[in-house]
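*Asks:* Following is a predicted model, sequence given first.
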Amino acid sequence: MLEAYDYAKVVASFLIVALFLYGIYYYLGQMGVAPRGRGGGRIRIVETRMVGKNRYLILAEVEGDRLLLASDENGVKILKEWPGQGRCEG
């Protein structure tokens, strides 16, 4: 029969594992690779193309507006905007 000490060890082990998994999930979220829920998002990356070392073109949709973005080591710039185009297929 398990005693109180054994129960405490089981609970402590469970908490350690749970905290470890939460830490991994948090770290991945900071890196941008953690899974997110599908519903309710207002920003959608439709397509991304690498055009050079650390240089990308990004087609995004934000609340129905389409944006063509350029991303490089200096930051992100809006190249073109199509207001109110609805959802992109892709």
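*Replies:* Received it, and whenever you're ready, just let me know what you need.
*Asks:* low-confidence ranges in this structure?
*Replies:* Residue ranges of the chain with pLDDT under 70: 1-2, 31-40, 85-90.
*Asks:* tell me what the longest strand along the chain is packed against?
*Replies:* Secondary structure of the chain per DSSP state E: the longest strand is strand 43-52. Using 3 or more Cβ pairs under 8 Å, 6 or more residues apart in numbering; DSSP states H and E as the contact test, the elements touching strand 43-52 are strand 55-62. From N, CA and C alone the C-beta is placed, and that goes for glycine too.
*Asks:* redo that, cut-off 10 Å
*Replies:* Contacts defined by 3 or more Cβ pairs under 10 Å, 6 or more residues apart in numbering; DSSP states H and E place strand 43-52 against strand 55-62, strand 65-72.
*Asks:* Ok, which of those strands comes nearest Arg44?
*Replies:* Ranking those by proximity to Arg44 (Cβ to Cβ) places strand 55-62 first, at 4.6 Å.
*Asks:* Buried ones in the closest one, by neighbour count?
*Replies:* Neighbour counts over strand 55-62 (16 or more other Cβ atoms under 10 Å) mark 58-61 as buried.
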